[in-house]
Every structure is written in structure tokens, then in C-alpha cells.
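**Q** could you work out the structure for the sequence below:
(one chain, ligands or ions: 2)
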Amino acid sequence: MENFNFYAPTYFAFGKDRESDCGQLVKRFGGSKVLIHFGGGSVVRSGLLDRVKESLIKESIPFLELGGVKPNPRSGLVYEGIDLCRKENIDFVLAVGGGSVIDSAKAIAAGTVYDGDFWDFYEGKEVTKALPIGTVLTIAAAGSEGSPDSVITREEGMLKRGASGEAYRPRFSVLNPALTETLPAYQTACGVTDIIAHLYERYLTNTKNVEVTDRMIEALILAMVNEAPKVMANPHDYDARANIMWGGMMAHNNSCGVGRTQDWTSHTVEHELSALYDCAHGAGLAVTMPAVFRYTYKHDVLRFAQIAVRVWGCQMDFNNPEATALAGIQALQNFLVSIGMPKNFAELGADEKDIEKLAYTCCFGDGSASGKVCGFTTLEQKDVEAIYRLML
Ligand code: NZQ
Ligand code: ZN
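**A** Ligands and ions are numbered 1, 2, ... in the order given. Take a look at the predicted model:
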């Protein structure tokens, strides 16, 4: 196991009706004037936004609202939010929504207290300072409610890039599983897929002897495979939703990723798809993961065989471990298809003619990227192109 630091100080308020604690939580973490940030309207329709506002009013905390965050959140609204926070002396950003809303809130929080262009953080500058952030989560998926990360799409060139830093960890996150009951089945499945992807990205490591984190990851994937079909069958299964919501947080706050190298190839390759086609991140991952894994499994056949046996119930073929590894990848894909996820470019709405461009942007971006995708393996543009072709 490698040396590591782990500091994940987010306060979680978990369970039914916990959004009514927002006012007290903002106070506890030092907010005196709040920007409530939200998406395209689901929180208005569900009444959640009103309940959050009531809770702030009860504590006499003034607030402003900025809605309209789109999935795959854009830089334009971030600039708008930064201007608003500066003009109105906002000192706390409260995200009410999914990963896109939370990521946009994080970018606003960092940009407000930074002299330069917030996009610098999305080109590699570490986020060391930001306004404090709180979240009320409405979809179990991205894990942004407990992560030090944010992903934003810059309209110019449609570049989707991530930024990180401890200042991006939310001070508090309200996790009420009942809030996810209004999700369309497709979005629920996209969320489960993203959670599983966050676990695979950590499982695919070049560090030896990391048994505790291996076993934690395996347990969390098994839990998702067990709970997701229950929610697909009955969207009001509170306990299954609760398990998925806490699992989504655990999958990405890095408690399962410490002390080991991580992969992130599937995410890097997928981000080009959701940037270009505006598909849901989870749906993009459902198509990307099997292709990446089929392309890279020979790098460590036994690791893929291990997850095939321990998670997917495959029989170990000692004479042909490659067959076991491939059976595990197929079992993952079968599971994702069974919950309604796409399995190829066509089902995702992607186009074969864009492959060269996708591979180029993935490796070189706007000129700032290194030309390689590094993680479990090191891939060049030709490899990334071959992976996109495996998705046809
Ligand atoms: O905008 P509204 O109207 O709220 O609708 C949203 C949106 O259309 C809807 N929705 C959310 N909660 C709902 C609901 N509809 C009904 N009832 C509810 N309770 O669902 C749609 C998707 O929302 P979004 O926030 O985009 O989903 P998700 O949480 O999957 O976030 C995806 C974004 O997170 C990034 C992705 O790249 C993508 O941009 N990621 C962020 C990470 C991080 N910050 O740590 C890590 C991830 O790997 C990921 O890359
Ligand atoms: Zn993800």
C-alpha cells in the first residue's frame, strides 16, 4: 500500500425530511448570505426548493436564487454565478440538485474568490480556496456531494474538464433518499452505472496488496447489483434508494481509493462523448467501460479475473484466466443493459464519423493535454481511437 492523506470532513445529514435542517446547517458552517443554485426545474416541481427556502427563512438567512444548470454543466452560467456572488456579497453556495448542479456550485464558489479566470482550475490549477459549499442531493450518481472534484464543460470548443482541491469538499450534504423517487428510471440507472464506474476506476490499480480497499470496492459493487433491480421494479423502495445513495457517496469520496494508483481511463474517454453528444455521463460510461476493459484487460488478466469471480460469480478457469476476465466484463455489460443502459455508439446517439476527432480531443484537448491517457495503462491517440471503434 502506498502512503496517503485522507481528509474528508463533509458533514452528512442523512434520511427522510433532512432538507428541513438546511438553515441550521448553513448557520453551523458560517453562512450568512446564501446563493441557492439549482437545475432545470425538477426541484421546483417536487416542492424541494420551497422547503429549502423555508428552512433558510426560519433561521433568518437571506438568499438569492440561480437556476438553470444543465446536465454536463456549462461555463456560461458559472460566470453568471460568480458575478452575482461578488455583487451581492454571498458567502455560502447551496447546491440543490444532482452532480451537475453541485459541480457548477463548486466552480462558482472557487471563481468568486479568485482573481483570474475560474477555468484555470479546469486546466490543472489546484483549488485551494472557495466559498463554503453545502448540497442537497437529488440523484445518487456523481458522488460530488462528498468529493473534492467538479466537472464543467466550456462552451467554446465544448471541452469537458475536471478540477480538484480540498476546498471543493462540501461542508455539509443533505442526503434524503426519498428525494430520488421522482427520478426517471433511465436517470436512476445512469446514476448506478456512474457509481459502479467510480468503483472500477479505483479497482483497476497497479498497486499490489491492497486487500481492504479491494474488498470494500467489491462489496459496494455487489450492493449496487443487488439494490438497483429493486429500485427499477419499485421506484418507491426507500431502503434500496438509501443503500444506493450512501453507496454512491462511499464510491467516490475516495475512502475506497486511498493507498493505491487509480485508473480513470473510462471517465477520460467518456467525457468526450458527453461533451460532444450531451448524453448522460452514466449512459456514456455504460458504453465506454466494457470497451476500455476489453482493450486493456491483458495488462493484468488476474485482476480482471478476480473481480469476475468475486463480484460477477464467474467460475475461475485456471487453464484460461483470460476467458474468466472476459466473462466478467461481459457480465458487467449484461447487468448494465438489464437496467436499461445503452450498449453501443448507435444507442448512445454517437456517430462513427466523429471517432478521430473524439480521440484527438481526448488526448490533446485544446493543446493543454499531454497527448496520452494515463492510468491503469498508458494509451495514445491510436489506442483511444481503437477503443471508440470497439463501441460500434
Ligand atoms: O436539472 P433538473 O431539472 O434538476 O433535472 C436533472 C437532470 O436532468 C434530473 N434530476 C436530478 N434529480 C432529480 C431529477 N429529476 C427528477 N427527480 C430528481 N430527484 O436528472 C438529470 C441529470 O442530473 P445531473 O445532475 O446531470 O446528474 P448527475 O448527478 O449524474 O451528474 C452528472 C455530472 O456530474 C459529473 C458528470 O461528468 C456530469 O457532468 N461528474 C462529477 C463528478 C464529481 N464532481 O466528483 C464525478 C463524476 O465522475 C462525474 O464526472
Ligand atoms: Zn463518474
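
**Q** now the helices for the stretch 151-300 of the chain?
**A** Listed from the start of the chain, the stretch 151-300 of the chain has helices (DSSP state H, counting those that start in this stretch) covering 185-203, 211-233, 238-252, 265-277, 281-296.

**Q** can you list the ones you listed in TSV and add mean neighbour count?
**A** Where you see a C-beta, it was placed from the backbone N, CA and C, and this is true even at glycine. As requested, the helices of the stretch 151-300 of the chain are arranged in TSV below (neighbours: other Cβ atoms under 10 Å):
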stretch	mean neighbour count
helix 185-203	25
helix 211-233	18
helix 238-252	23
helix 265-277	24
helix 281-296	26
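
**Q** quick check: which of the ones you listed is nearest to Val151?
**A** helix 265-277 (7.2 Å; Cβ to Cβ).

**Q** report the contact partners of the closest residue to Phe29 other than its chain neighbours.
**A** Sequence neighbours aside, Arg171 is the residue nearest to Phe29 in space, at 4.0 Å (criterion: Cβ to Cβ, 6 or more residues apart in numbering). The contact partners of Arg171, taken as Cβ atoms under 8 Å, 6 or more residues apart in numbering, are 9-11, 25, 29, 132-134.

**Q** gap between the closest residue to Thr112 other than its chain neighbours and Ser32?
**A** Distance criterion Cβ to Cβ, 6+ apart; nearest residue to Thr112, sequence neighbours excluded, is Cys85 at 4.2 Å. Noted for Cys85: a distance of 13 Å to Ser32, by Cβ to Cβ, to the nearest Å.

**Q** more neighbours: the two, which one.
**A** Cys85 (23 against 13; other Cβ atoms under 10 Å).

**Q** residues contacting the more buried one?
**A** Applying Cβ under 8 Å, 6+ apart, the residues near Cys85 are 35, 93, 108-109, 112, 131.

**Q** from those residues, which is closest to Lys357?
**A** Among the contacts of Cys85, Ile108 lies closest to Lys357 (Cβ to Cβ), at 30.4 Å.

**Q** what's near enough to touch the residue nearest the centre of the chain?
**A** Taking Cα atoms, centre = their mean, the centroid of the chain lies closest to Ala142, which sits 2.4 Å from it. Neighbour list for Ala142: 98-100, 102-103, 151, 194, 248, 252, 281 [criterion: Cβ under 8 Å, 6+ apart].

**Q** quick check: His267 touching Ala197?
**A** Yes - between His267 and Ala197 there is a contact under Cβ atoms under 8 Å: 6.9 Å.

**Q** which residues of the stretch 51-200 of the chain lie near ligand 1?
**A** Residues of the stretch 51-200 of the chain lying near ligand 1 by Cβ under 6 Å from any ligand atom: 71-72, 97-101, 103, 138-139, 141-144, 147, 149-151, 179-180, 182-183, 187, 191, 194.

**Q** please repeat the previous calculation with a cut-off of 5 Å.
**A** 71-72, 97-100, 103, 138-139, 141-142, 144, 147, 149-151, 182-183, 187 (Cβ under 5 Å from any ligand atom).

**Q** how about TSV for the contacts of Ala142, with pLDDT added?
**A** Below are the contacts of Ala142 laid out as TSV (pLDDT from 0 to 100):
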residue	pLDDT
Gly98	98
Gly99	98
Ser100	98
Ile102	98
Asp103	98
Val151	96
Asp194	98
Gly248	98
His252	98
His281	96
